[in-house]
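Visitor: What follows is a predicted structure for the sequence shown.
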Amino acid sequence: MFSKILIANRGEIALRVIRACKEMGIKTVAVYSQADADSLHVEFADEAVCIGPAPSAASYLNIAAIMSAAEITDVEAIHPGYGFLSENAHFAEICESCHITFIGPTPENIRLMGDKMIAKDTMRKAGVPIIPGSKAVIDNKDDAIKIANKIKYPVIVKASSGGGGKGMRVAHNDVRLASSIITAQSEAEVSFGNANVYLEKYFEKPRHIEVQILADKFGHVVHLGERDCTVQRRHQKLIEETPSPVLNQKIRKKIAEAAVRAAKAVNYINAGTIEFLLDTDGTFYFMEMNTRIQVEHTITEMVTGIDLVKEQIKIAAGRKLEYSQDDIKFEGAAIECRINAEDSENGFMPSPGKIENLHFPGGRGVRLDSHIYSGYTIPPFYDSMIGKLIVHGKDRQDAIKIMQRALEEFVIGPIKTTIPFHKFVFNNPQFLRGNYYTNFVEQILEKKV
C-alpha cells in the first residue's frame, strides 16, 4: 500500500480523498493555488504545496507544477479527483513515466473512452446498445442531413471530445442542422481543441441513468448499482438518486450487465461510470463512460456501504477486489443535492464571496461533503459547487422527507446558493412521484416565472 499520496485537486473532493487516506493510514499532500491558501484541504493535509496563481491553467491544470510538487514531497501516487486533469491521458502517462502511480484507469482507457466516436464503436462491437446516429465524425452537412432523415428528427450534434454540455446542439430540420453543425464545431474547437462532431438521435423525454463499476487489475469487474441523474440544467447535474424510481428489476439487471460488459470490453481498471439514456419505452442506450470518480459517488456509498475512494486506492496499489457481485447488497435509497454558490432566483448567476452565516444540517441519514466554513471566502475562479448534501433513508419516500428537513436546516449567507431551488424541487408533485425527464428543470422554472 502507498505511504503518501498527492491530491491533484481542490475543494470538497480533495478533502474527501484526504479523509479516505487518513483512515487508511496514508500521508497526504495537498496542492493549492494562491486563491485557495485558506482552503480546508490545505489545512487537513499532512503537507501542502502552492502550485501557482488563481487561474486553473496556471495551477490545477499546470502539469509541470503538480509533478514538481510530487517530486519534492516524494509521493508514490497521485489522486486526480474529478474535473481538472482527472481524464487527461497525457497526465496519466507522465505520472507513469515518473514512476508515480496514477489513481485511476490506464492512459489507454482514458484515451479510448475520451473519444466519443471510438467509444461508441467499441460498445457496438461489445454488444452494448448505442444511440442511433453517425458511425464517424461528420465531414459535411449533406451526409449529416442524409443520416438525420434516416434516423428521423430531432437529432443532436455532439462534440467528439466533449462534455459538460459544450459543443452540443439540437436540430429539428435540415436548415437548423446545417447551422448547428457549424456552431457545435466552433464551440468544440474552443472548448476542447478538437472541432470533430458527430450526430445522434435526440430523445425528447429521456432519463439519464448511470452505472457505477469497479474493476481491478486481475480482470474482476463488479457494478454497484445505478444512479438516476435526470435532474439537470443545461446538461449539468443538480440532483442524483439511487435507486432510480423508474427502473423495474428486469431493466435494472439488463443495464447493469451492459455496464459490466462495457468495462470488460476495454479492459478497464479502477472506478468508472457507464452512462446511459433511458427512453420512455424502457429501451436504454450507451452514451459515454466517465473514467474517474463521479461527484455523485456518495449516494452509491450510502446504499452499498462501500467506500469508493478507498477502493480506487486499493485497486491502484494492485489489490484484488475483496468481494464478488453477489456480495454487494443494496440498502434503502439515497439522494444528493449539489449545493452551488449560485443565485437560482436570478438565472443561476454565480455568487462568490465571504460566508458569514453558516449552519450545517445533521441528524439521521444526513451526510455533508463540503470544504466551506464560517469566514471562508468562495473564490470566483472555479466551479461554483461548494458542497453536496446527501441523505439516506429506508426507501425513496423516507429519503425525500430527510432531504426536505435537511434543506430547511441548511443556512448559508449572505451569499446566494441553490438551496431555495432544491426546496422548490422537493415540493414539486412531479418530482415526488418520480415522474420527470431531462427537461424537468426548464419546465418547472418556466412555470415558476
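Guide: The structure has been received and is ready for your questions. Numbering: from 1, shown residues only.
Visitor: Only C-alpha atoms from now on, for both contacts and neighbour counts.
Guide: Fine.
Visitor: So in this protein, where's the weakest helix or strand by average pLDDT?
Guide: Of all helical and strand segments in the chain, the minimum by mean pLDDT, DSSP states H and E falls on strand 155-163, at a mean of 84.
Visitor: partners of it, with directions?
Guide: Looking at strand 155-163 with DSSP bridges, its partner strands are strand 166-171 (antiparallel), strand 197-201 (antiparallel).
Visitor: ok, and what's touching the last one?
Guide: This means strand 197-201. Under the contact criterion Cα atoms under 8 Å, 6 or more residues apart in numbering, strand 197-201 has outside partners 117, 131-134, 136-138, 144, 148, 151-160, 167, 181, 184-185, 188.
Visitor: same check, this time on stretch 292-310
Guide: So stretch 292-310 is contacted by 13, 17, 20-21, 24, 81-82, 86-87, 104-105, 212, 224-225, 227, 240-242, 271-273, 328-336, 390-392 (Cα under 8 Å, 6+ apart).
Visitor: and the strands paired with strand 155-163, which is most packed in?
Guide: Most buried of those, by mean neighbour count (mean count of other Cα atoms under 10 Å): strand 197-201, with a mean of 24.
Visitor: and it, how far from the chain's centre?
Guide: In terms of Cα atoms, centre = their mean, to the nearest Å, the centre of strand 197-201 is set 22 Å apart from its chain centre.
Visitor: can I get the CA coordinates of it in PDB?
Guide: Extracted as PDB, the C-alpha positions of strand 197-201 are listed here (Å, rounded to 0.1, in the frame of the first residue of the first chain):
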ATOM      1  CA  VAL A 197     -18.600  16.400 -34.100                       C
ATOM      2  CA  TYR A 198     -21.000  13.600 -34.700                       C
ATOM      3  CA  LEU A 199     -24.700  13.100 -34.900                       C
ATOM      4  CA  GLU A 200     -27.200  11.100 -32.700                       C
ATOM      5  CA  LYS A 201     -30.900  10.700 -32.500                       C
END
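Visitor: Any chance of JSON lines for the strands paired with strand 155-163, columns distance to residue 314 and mean pLDDT?
Guide: As requested, those are exported to JSON lines (distance: least, Cα to Cα, whole Å; pLDDT from 0 to 100):
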{"stretch": "strand 166-171", "distance to residue 314": "34", "mean pLDDT": "89"}
{"stretch": "strand 197-201", "distance to residue 314": "37", "mean pLDDT": "93"}
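Visitor: quick one, domains of this protein?
Guide: As assigned by automatic domain parsing, the chain contains the domains 4-103, 130-201, 207-448.
Visitor: Rounded mean pLDDT for the first one, please.
Guide: Put plainly, it is domain 4-103. The pLDDT scores in domain 4-103 average 98.
Visitor: What helices and strands are in contact with the strand or helix carrying residue 113?
Guide: Taking DSSP states H and E as the criterion, residue 113 maps to helix 107-114. If you count contacts as 3 or more Cα pairs under 8 Å, 6 or more residues apart in numbering; DSSP states H and E, helix 107-114 packs onto helix 89-97, helix 116-125, strand 284-290.
Visitor: From the centroid of the chain, which residue is nearest?
Guide: The chain has residue 294 as the residue nearest its centroid, 3.8 Å off, counting by Cα atoms, centre = their mean.
Visitor: how long is stretch 416-433 end to end?
Guide: This stretch, stretch 416-433, spans 28 Å end to end (Cα to Cα, to the nearest Å).
Visitor: ok so, going back, just the buried ones from the contacts of stretch 292-310, in ChimeraX syntax?
Guide: The following ChimeraX line selects those of the contacts of stretch 292-310 that are buried, judged by 16 or more other Cα atoms under 10 Å:
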select :13,17,20,21,81,82,86,87,104,105,212,224,225,227,240,241,242,271,272,273,328,332,333,334,335,336,390,391,392
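Visitor: Among the contacts of stretch 292-310, name the ones in helices.
Guide: The members of the contacts of stretch 292-310 that map onto helices under DSSP state H are 13, 17, 20, 21.
Visitor: Spatially, which two of those residues are the most separated?
Guide: For these, the maximum inter-member distance is 12.4 Å, found between 13 and 21 (Cα to Cα).
Visitor: related to what we said a few turns ago, and the residue nearest to the centre of the chain, how far from residue 321?
Guide: 19 Å.
Visitor: Repeat that for residue 111.
Guide: Using Cα to Cα, residue 111 is found at 24 Å from residue 321.
Visitor: what sits against the nearest residue to residue 371 once chain neighbours are set aside?
Guide: Sequence neighbours aside, residue 12 is the residue nearest to residue 371 in space, at 4.9 Å (criterion: Cα to Cα, 6 or more residues apart in numbering). Residue 12 makes contacts with 41, 369, 370, 371, 386, 387, as judged by Cα under 8 Å, 6+ apart.
Visitor: residue contacts, residue 87?
Guide: Residues near residue 87 by Cα under 8 Å, 6+ apart: 110, 114, 291, 292.
Visitor: Select from those residues the one having the most neighbours.
Guide: Neighbour counts for the contacts of residue 87 (other Cα atoms under 10 Å) peak at residue 291, which has 27 neighbours.
Visitor: does residue 403 belong to a helix or a strand, and which?
Guide: Using DSSP H and E, residue 403 falls within helix 396-409.
Visitor: Enumerate the positions of that helix that are buried.
Guide: Result for helix 396-409 [16+ other Cα under 10 Å]: buried residues 396, 398, 399, 400, 402, 403, 404, 405, 406, 407.
Visitor: from those residues, which is closest to residue 259?
Guide: Among these, residue 396 lies closest to residue 259 (Cα to Cα), at 23.8 Å.
Visitor: helices or strands next to the longest strand along the chain in the packing?
Guide: The residue-count maximum for a strand in the chain (DSSP state E) belongs to strand 221-233. Where contact means 3+ Cα pairs under 8 Å, 6+ apart, strand 221-233 is packed against strand 207-215, strand 236-242, helix 249-265, helix 297-304, helix 440-448.
Visitor: Export only the CA atoms of the first one, formatted as PDB.
Guide: Once side chains and other backbone atoms are set aside, the C-alpha atoms of strand 207-215 remain, and they are given as PDB (Å, rounded to 0.1, in the frame of the first residue of the first chain):
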ATOM      1  CA  ARG A 207     -33.900   9.700 -18.300                       C
ATOM      2  CA  HIS A 208     -30.100   9.900 -17.500                       C
ATOM      3  CA  ILE A 209     -29.100   6.600 -15.900                       C
ATOM      4  CA  GLU A 210     -25.500   5.800 -15.000                       C
ATOM      5  CA  VAL A 211     -24.000   2.600 -13.500                       C
ATOM      6  CA  GLN A 212     -21.000   2.600 -11.100                       C
ATOM      7  CA  ILE A 213     -18.400  -0.100 -11.800                       C
ATOM      8  CA  LEU A 214     -15.200  -1.100 -10.100                       C
ATOM      9  CA  ALA A 215     -12.500  -3.200 -11.900                       C
END
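Visitor: Okay then, goodbye and thanks.
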